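> Provide a 3D model corresponding to the input given below.
(chains A and B)
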There are 2 protein chains.
Amino acid sequence: MSDTPLTIGIDFGGTTVKIAVVFQSDIIDQAPPIATQDFDGCDALIDEMVKMVEELRSRHAGVAAIGVGMPGFVDFDRGLVYHLTNVRGWDAVPLKAILQAKTGLPVVVDNDANCMGFAEWQCGSGRGLSHVVFITMGTGVGGAIIANGQMIRGARHGAGEIGQTSIDYQGRAGQYGNLGALEDYVGNREITEMAMQAYRAAGIEPTEEACSPAGLAAAAQMGEPIALAQWDMVARWLATATMNCCWLLNPEAIVIGGGVARAGELLFEPFRKHLFAQLSGPFKDHLMVLSAAFGHEAGTIGAAALAREELAKSV
Amino acid sequence: MSDTPLTIGIDFGGTTVKIAVVFQSDIIDQAPPIATQDFDGCDALIDEMVKMVEELRSRHAGVAAIGVGMPGFVDFDRGLVYHLTNVRGWDAVPLKAILQAKTGLPVVVDNDANCMGFAEWQCGSGRGLSHVVFITMGTGVGGAIIANGQMIRGARHGAGEIGQTSIDYQGRAGQYGNLGALEDYVGNREITEMAMQAYRAAGIEPTEEACSPAGLAAAAQMGEPIALAQWDMVARWLATATMNCCWLLNPEAIVIGGGVARAGELLFEPFRKHLFAQLSGPFKDHLMVLSAAFGHEAGTIGAAALAREELAKSV
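Numbering: from 1, shown residues only, chains lettered A, B, ... in the order given. Have a look, this model is predicted:
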């Protein structure tokens, strides 16, 4: 057996909680997913998580630590989960302390996008780089920032919220009062809504499925002009927020993951075009635009990798 | 005498080159300013700079290093100055190597906004903090980023260019093709132009001086409504770019300097209002908005401080 320890990664989502045993960047075992919304408060859900962790540990005695990615703001140092928007009964939960007490293992808790970004930087598309901007595009748009070879978490562990940055100072108000937030343009639901409107304006009554990112990707693949135009707009909005990151941080690579990014070159090709047209030499000459290496499993792999890193630091 | 060495700071501007001997954060002696535009190429101007440096050294034998702040992109590691927009004959000049050879002293060369930000972080308004966004507002709008207690320079030393970030994806094209660049809204000249238009729209033919940032500050101080409205717009645009920095980097403090910032609370009060209205708790609860400690002398003090730091590293 190698020196790399086994760790458990927990990806806490609005729909399911996924728990897996990870070795390096491979999931070697996993528990059945827990349906998040079946639980009214945090106590019973945490107990269920602990039960799954213990089942996995009964099969993998070497598990040395646990990492958890949460869909909301986390006090990383204290392992405290602030309010979760989409899950009932999670307010100021000291998740790290609770899980440590119940499992006897070291626990690290971070924002889910930070976990995914960490996975990409440590063992995915951003491996070996020192300056990376990671963006995850799904229902929400999140991110993580690596600069000078370190995760940048900021004063209150909130850094990396690219989805909340503005691309239009006159845009509509987002959930935090922020005008023109990227997430309100290129989130899953917003892409679908915008496509519905575009088709209707052309006299076509589309299905919601046809207007989902997956539906739009299929149509664009066949050369359907409205779908192609939608991807170009999404790329343009995303490029604005990304070029802001480039002017501010001058990264070596932009790594993009999440469901929406599965459109691949339909998104990446116009994205590169809009991005590179708005940067000068030192900002674009060596800039890489990369697709994330990990898909659905990025959260668990990243949380497990974070746990491994914290373990290494504590030795 | 203390252990803190004397260093020379050079602030290379489009109009003048300022050269000063600095002890800690105090200028203790300075050379007569050199008129940048009197020189056609870099060779004669560098010779003049060296002459001034040697004059200062003849009075201060303890000078141990030289720092230079340049108004353009700099390869910090190699001390190479790329193209300067506003000064003739400066293309790919290995300034660090030239000055080292001519003076026999260690030399460090950086972007001027980085120097000013470094001064504020090391011995000004951002002293003792680990996460700072510095913004300088003049003819150009520049910045510097401190995160995890380090200057963030990025892959090609370009980081911190907040003036090039976009506040409107549909805005007009800036000098690098970037649409809606902050600098094109809140730069000195742009503020003046916008005020001229606002006064004319109200049937008033103003002087250009009355529409300069200083003129507008004087009018706003007396409660003149058009001038007050102009400052509110400038604050709103600046707040959009700054809130983007906050969502991305979650700093402890925003430090604002430069000529335009001399408007003081006329700018800062509406700026805080627009900024805090667009941030959630962890991003604003402890966020400080600070005026820069140094004025015209920020560039020389910062360049000298950088030289001191590089000297300390090399020991």
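
> strands along the stretch 1-150 of chain A, start to end?
Taking DSSP state E, counting those that start in this stretch to define them, one finds strands in the stretch 1-150 of chain A at A:6-12, A:16-23, A:26-30, A:34-35, A:63-70, A:74-75, A:80-81, A:107-111, A:132-137, A:141-147, A:150-151.

> kindly present those strands as TSV, with separate columns for mean neighbour count, mean pLDDT and distance to chain B.
Backbone N, C-alpha and C define where each C-beta goes, glycine included. As requested, the strands of the stretch 1-150 of chain A are exported to TSV (neighbours: other Cβ atoms under 10 Å in any protein chain shown; pLDDT from 0 to 100; distance: least, Cβ to the nearest Cβ, whole Å):
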stretch	mean neighbour count	mean pLDDT	distance to chain B
strand A:6-12	27	97	18
strand A:16-23	22	97	23
strand A:26-30	15	97	30
strand A:34-35	16	96	27
strand A:63-70	26	97	13
strand A:74-75	24	92	8
strand A:80-81	22	92	11
strand A:107-111	26	96	11
strand A:132-137	29	98	9
strand A:141-147	28	97	5
strand A:150-151	18	97	5
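
> tabulate these in JSON lines, adding columns for distance to residue B:207.
Listed next are those as JSON lines, based on distance: least, Cβ to Cβ, whole Å:
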{"stretch": "strand A:6-12", "distance to residue B:207": "62"}
{"stretch": "strand A:16-23", "distance to residue B:207": "66"}
{"stretch": "strand A:26-30", "distance to residue B:207": "70"}
{"stretch": "strand A:34-35", "distance to residue B:207": "69"}
{"stretch": "strand A:63-70", "distance to residue B:207": "58"}
{"stretch": "strand A:74-75", "distance to residue B:207": "54"}
{"stretch": "strand A:80-81", "distance to residue B:207": "57"}
{"stretch": "strand A:107-111", "distance to residue B:207": "52"}
{"stretch": "strand A:132-137", "distance to residue B:207": "45"}
{"stretch": "strand A:141-147", "distance to residue B:207": "45"}
{"stretch": "strand A:150-151", "distance to residue B:207": "51"}
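
> residue ranges with poor pLDDT in chain A?
Judged by pLDDT under 70, chain A has its weakly predicted residues at A:1-2.

> now do 90
Applying pLDDT under 90 to chain A flags residues A:1-4, A:14, A:40-41, A:72-73, A:82-92, A:174, A:313-315.

> residue B:187 versus the most centrally placed residue in it, what's the distance?
Taking Cα atoms, centre = their mean as the criterion, residue A:113 is the residue nearest the geometric centre of chain A, at 3.4 Å. Remark: distance between residue A:113 and residue B:187 (Cβ to Cβ, to the nearest Å) = 34 Å.

> quickly list the domain ranges of chain A.
A:6-116+A:297-314, A:127-291 (automatic domain parsing).

> out of the ones you listed, flag the one nearest residue B:194.
For residue B:194, the closest of the domains of chain A is domain A:127-291, at 14.3 Å, according to Cβ to Cβ.

> do stretch A:87-100 and chain B meet?
No. Stretch A:87-100 stays clear of chain B (Cβ under 8 Å from any Cβ of the partner chain), getting no nearer than 11.5 Å.

> report the buried residues of that stretch.
Buried residues in stretch A:87-100, defined by neighbour count with 16 or more other Cβ atoms under 10 Å in any protein chain shown: A:87, A:90, A:93, A:95-96, A:98-100.

> now do the end-to-end distance for it.
22 Å (Cα to Cα, to the nearest Å).

> now residue A:108: how far from residue B:315?
Residue A:108 sits 37 Å away from residue B:315, going by Cβ to Cβ.

> which stretches of the stretch 151-300 of chain A form helices?
A:183-186, A:188-201, A:208-211, A:213-221, A:225-249, A:265-276, A:281-284, A:298-314 (DSSP state H, counting those that start in this stretch).

> now check the longest one, is it near chain B?
Yes. When contact is scored as Cβ under 8 Å from any Cβ, part of helix A:225-249 falls within range of chain B: A:236-237, A:240, A:243-245, A:247-249.

> closest one of the residues you listed to residue B:3?
The nearest member of the residues of helix A:225-249 next to chain B to residue B:3, counting by Cβ to Cβ, is residue A:249 at 34.5 Å.

> contacts only, for that closest one.
Residue A:249 makes contact with A:131, A:133, A:145, A:147, B:145, B:152, B:154, B:159, B:248, according to Cβ atoms under 8 Å, 6 or more residues apart in numbering or on different chains.

> rerun at 6 Å
Going by Cβ atoms under 6 Å, 6 or more residues apart in numbering or on different chains, residue A:249 touches A:147, B:154, B:159.

> what does the stretch 201-315 of chain A put close to chain B?
A:240, A:244, A:247, A:249-250, A:252, A:277-278, A:280, A:282-283 (Cβ under 6 Å from any Cβ of the partner chain).

> dump those to JSON lines, plus distance to residue A:30.
Putting these into JSON lines (distance: Cβ to Cβ, whole Å) gives the following:
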{"residue": "A:240", "distance to residue A:30": "38"}
{"residue": "A:244", "distance to residue A:30": "37"}
{"residue": "A:247", "distance to residue A:30": "41"}
{"residue": "A:249", "distance to residue A:30": "35"}
{"residue": "A:250", "distance to residue A:30": "38"}
{"residue": "A:252", "distance to residue A:30": "33"}
{"residue": "A:277", "distance to residue A:30": "43"}
{"residue": "A:278", "distance to residue A:30": "42"}
{"residue": "A:280", "distance to residue A:30": "46"}
{"residue": "A:282", "distance to residue A:30": "44"}
{"residue": "A:283", "distance to residue A:30": "41"}
